[in-house]
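In: Structure, please.
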Amino acid sequence: MAELVPPLSESLERNARWLSEKTAIRQVDADRSLTYGELDERASALAAALGDRGLRRGDRVVFALFNTLELPVTLYGCHKRGLVPVAVNCGLSAGDFAYIFDEIRPAAVVYDEALTETVERAVEGLTRPPHRVVVGGTGADATPFDRLLDEEASAPVEPVAVPPDDVAYMFYTSGTTGNPKAVAHSTASGRERTHTGITSGRMHRETVCLSLLPLFHGGGLDSALRASVTVGGTLVVGRDVDVDDALDAIERYGVTDVRSVPTLTGRFVRHEDIDERDLSTVESWRLTGGVLTERAARTYTETLTPNLFNAYGSSESGTNAILQPEDLPEHAGSVGKPTLGDEIRVIEYDPDRTVGPDETVPDGTRGEVVVHTAQLFRSYYENEAESAARVRDGWYYTHDMGVVDDGYLTIVGRCDNHVLSGGELVSAAEVESVLESHDGVSAAVVVGTPDEEWGERVTAFVATDGSVTEADLEAFCRHTDRLANYKRPRTYHLVPDVRLTDTGKKARGHYEAVARGDAPEA
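Out: The predicted structure is shown next:
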């Protein structure tokens, strides 16, 4: 018989016994909070209610929730029942949701009321639509979240033990062809990701962590939420939190640890009265999802805190490298050195053959970044071909291009035509496909343009028949069901035709140079 281990709700259950009255999570924009005892009680109520609706161990539960109290209740409630919570980006389109529902066939979906129309359109045509649970609203075919928790359970939830390598939870991430991919993690990898979040973030029981990262991403869910609950700290979140709200929260609740992306952190230092705000309790400010330039590092350390971190990783592999305060400003621009227990290599990149993880390049030479880690995902859900392509001999092929210099890793681009904008990966192929579905467009090339606020800006070069304007393309992308808002191009260049390489492929490198200003014409 396979070894069984406690589920990922174990840390919550432990702290509900020992720290019952301590605040576990606080939602600042709604002035709500839950103690460890209350969070555990509500998670158990959700687990019981889902069980009464026929959900059994291994069933998938999609959640599309903003940073509210209902998200950790849903996450831990699923773990208690042995269900598989599936985190989904709230910004996805109805088409994306329909693809996800069709792929993983969830037994239930828990969603914010703002996504009601999107979810309802996505379930149209499903032969077995999932149970729908709506947070903050009502619906003819959906059960309000609070009403679900208030139901009298037919039986108490019994502790469940699980095989350590079975699927325990999933994230959806951008696919190389545009369709989202389900990244499946086990209980074992989930624990490793949580522990790395704790050690790399130097978290402890007195940590008060303000997460401005979405909790439906790994950086928010594992490295902030689950890490905070594991150490018995307090997590501060909000559904609609701007810089003013965040500064107020830091001062009011004595925040010691801030989690953010470089895009948002830049808004803090540009805030009109940042010099008058009290940030004395902040012991660390951890960035993720972008490059930390030397200029930004100097500004952030002078204005916010000298204890600045920049983390590197992915939904598949966890946090694999971190730039620490003592590395700044000398090594700004890099993502630091590997986290405890992880190994990183830079190997040859050749799209025409399979490159082994031992084919490393000399320091200072560009190549593909590969990672060996216990945080590694189990597989892409029901996609063994893609799983095998991305994991070879235990090494995860990140599709990031990098350089190692003096022991520090610097990310210099992608090798699979993605744009990293505001911490989100955007598939160029997906955006091109949408643009090319317009009747007046013959071809399109999408690239990333360096942007001080967003890291990269989605930029489109579009060949048209002469009847289409930039405003037409903007309206087309804004109103299609096929493209999430954050994937929309922010800049359009209309060109007579799209330049091709000698082999007939889109000359993507040329357009990247044009977008950077390194080439004179499109």
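
In: Of all the residues in stretch 143-157, which ones are buried?
Out: 143-145, 148-149, 157 (16 or more other CB atoms under 10 Å). Yep, even glycine has a C-beta here, placed from its N, CA and C like the rest.

In: Ignore what I typed, I meant stretch 94-105.
Out: Quick answer for stretch 94-105 (16+ other CB under 10 Å): 94-101, 103-104.

In: And the residue nearest to the spatial centre of the chain, how far from Ala94?
Out: The centroid of the chain falls nearest to His217 when counting by CA atoms, centre = their mean (2.7 Å). Distance of His217 to Ala94, computed by CB to CB, to the nearest Å: 21 Å.

In: So the residue nearest to the centre of the chain sits against Gly318, correct?
Out: No - at 11.9 Å, His217 does not count as touching Gly318 under the criterion of CB atoms under 8 Å.

In: now for the helix ranked longest in the chain, which elements pack on it?
Out: For the chain, the longest helix by residue count, based on DSSP state H, is helix 36-52. Applying 3 or more CB pairs under 8 Å, 6 or more residues apart in numbering; DSSP states H and E, we find helix 36-52 packed against helix 10-18, strand 23-27, helix 70-81, helix 145-150.

In: roughly how far out does the helix or strand following the last one sit from the chain middle?
Out: Right, helix 145-150. Where DSSP states H and E defines the elements, the next helix or strand beyond helix 145-150 is strand 167-173. Using CA atoms, centre = their mean, to the nearest Å, the mean C-alpha position of strand 167-173 is found 11 Å from that of the whole chain.

In: So what angle separates the directions of strand 167-173 and helix 70-81?
Out: Going by axes from the mean of the first three to the mean of the last three CA atoms, to 10 degrees, strand 167-173 is angled at 150 degrees with respect to helix 70-81.

In: Give me the residues contacting strand 167-173.
Out: Contact partners of strand 167-173, identified using CB atoms under 8 Å, 6 or more residues apart in numbering, comprise 7-8, 58, 60, 75, 78-79, 84-89, 92, 100, 104, 162, 180-187, 190, 216-218, 221, 314-316, 378, 381, 425.

In: Are any of those buried, and if so which?
Out: For these, a burial check counting by 16+ other CB under 10 Å picks out 7-8, 60, 75, 78-79, 84-89, 92, 100, 104, 162, 180-187, 190, 216-218, 221, 314-316, 378, 381, 425.

In: So which bits of stretch 125-134 are buried?
Out: 129-134.

In: ditto for stretch 242-257
Out: Applying a neighbour-count criterion of 16+ other CB under 10 Å, one finds 243, 246-247, 249-250, 253, 255-257 buried in stretch 242-257.

In: Please identify the one among those residues that lies nearest to Glu38.
Out: Tyr253 (17.5 Å; CB to CB).

In: isn't that closest one right next to Arg26, touching?
Out: Yes - using CB under 8 Å, Tyr253 is in contact with Arg26, at 6.7 Å.

In: Which neighbours do the two have in common?
Out: Counting by CB under 8 Å, 6+ apart, the contacts common to Tyr253 and Arg26 are 234, 236.

In: ok, now which ones touch the residue nearest to the centre of the chain?
Out: So His217 contacts 87, 89, 171, 315, 423 (CB under 8 Å, 6+ apart).

In: Any idea which of these the model trusts least?
Out: In terms of pLDDT, Gly423 ranks lowest among the contacts of His217, with 76.

In: Excluding covalently adjacent residues, which one is nearest to it?
Out: Nearest residue to Gly423, sequence neighbours excluded (CB to CB, 6 or more residues apart in numbering): Gly289, at 3.0 Å.

In: circling back to that earlier point, from the buried residues of stretch 94-105, pick the one nearest Tyr397.
Out: Ranked by distance to Tyr397 (CB to CB), the buried residues of stretch 94-105 are led by Glu103 at 22.4 Å.

In: For that closest one, give its distance to Asn383.
Out: According to CB to CB, Glu103 stands 9 Å off from Asn383.

In: Give me the common contacts of the two.
Out: The contact sets of Glu103 and Asn383 overlap at Ala182 (CB under 8 Å, 6+ apart).

In: the strands in the stretch 251-400 of the chain, which residues?
Out: Along the stretch 251-400 of the chain, counting by DSSP state E, counting those that start in this stretch, strands occupy 257-260, 284-288, 308-314, 318-323, 337-338, 343-347, 367-372, 379-380, 391-392, 395-405.

In: closest to Thr196 out of those strands?
Out: Counting by CB to CB, and looking across all of the strands of the stretch 251-400 of the chain, nearest comes strand 318-323 at 5.0 Å.

In: Output the below-cut-off pLDDT ranges for the stretch 301-450 of the chain.
Out: Applying pLDDT under 70 to the stretch 301-450 of the chain flags no residue at all.

In: quick one: stretch 161-170 to chain centroid distance?
Out: On the basis of CA atoms, centre = their mean, stretch 161-170 sits 20 Å off its chain's mean C-alpha point.

In: mind exporting that stretch as PDB, just the C-alpha atoms?
Out: This file holds the C-alpha atoms of stretch 161-170, laid out as PDB (Å, rounded to 0.1, in the frame of the first residue of the first chain):
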ATOM      1  CA  ALA A 161      -4.800  11.100   4.400                       C
ATOM      2  CA  VAL A 162      -3.500  11.300   0.800                       C
ATOM      3  CA  PRO A 163      -0.700   9.700  -1.300                       C
ATOM      4  CA  PRO A 164       2.100  12.300  -1.400                       C
ATOM      5  CA  ASP A 165       2.500  12.200  -5.200                       C
ATOM      6  CA  ASP A 166      -1.200  12.300  -6.100                       C
ATOM      7  CA  VAL A 167      -2.500  15.600  -7.700                       C
ATOM      8  CA  ALA A 168      -3.300  17.900  -4.800                       C
ATOM      9  CA  TYR A 169      -3.900  21.200  -6.600                       C
ATOM     10  CA  MET A 170      -3.500  22.900  -9.900                       C
END
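
In: about what we covered before: can you flag which of the buried ones among the contacts of strand 167-173 belong to strands?
Out: Among those, the members found in strands (DSSP state E) are 60, 84-87, 181-186, 314, 425.

In: domains of the protein?
Out: 1-186, 422-516 (automatic domain parsing).

In: Deepest-packed of those domains, please.
Out: Greatest average neighbour count among the domains of the chain goes to domain 1-186 (a mean of 20), per mean count of other CB atoms under 10 Å.

In: returning to what we had before: Arg516: which of the buried residues of stretch 94-105 is nearest?
Out: Among the buried residues of stretch 94-105, Asp96 lies closest to Arg516 (CB to CB), at 29.9 Å.

In: Report the secondary structure state of the closest one.
Out: Of the three states, Asp96 takes helix under DSSP: H, G, I helix; E, B strand; the rest coil.

In: excluding its backbone neighbours, what's nearest it?
Out: Pro180 is the one closest to Asp96 (CB to CB, 6+ apart), at 5.7 Å.

In: try Thr194
Out: Nearest to Thr194 is Arg226, by CB to CB, 6+ apart, at 4.6 Å.

In: That neighbour belongs to a helix?
Out: Yes - applying three-state DSSP, one finds Arg226 inside a helix.

In: Tell me how many other residues crowd it.
Out: Residues near Arg226, counting by other CB atoms under 10 Å, number 29.

In: hmm, back to that, pick out the most distant pair among the buried residues of stretch 242-257.
Out: Farthest apart among the buried residues of stretch 242-257 by CB to CB are Val243 and Thr256. That separation is 18.5 Å.

In: which residues are contacting the longest helix of the chain?
Out: Under CB under 8 Å, 6+ apart, the answer for helix 36-52 is 9, 12-13, 15-16, 19-22, 24-25, 34, 61, 72-81, 83, 108, 131, 148-151, 153-157, 229, 232.

In: change it to 6 Å
Out: The contact list for helix 36-52 (CB atoms under 6 Å, 6 or more residues apart in numbering) reads 12, 15-16, 19-20, 22, 24, 73, 76-77, 80-81, 148-149, 151, 153-154, 157.
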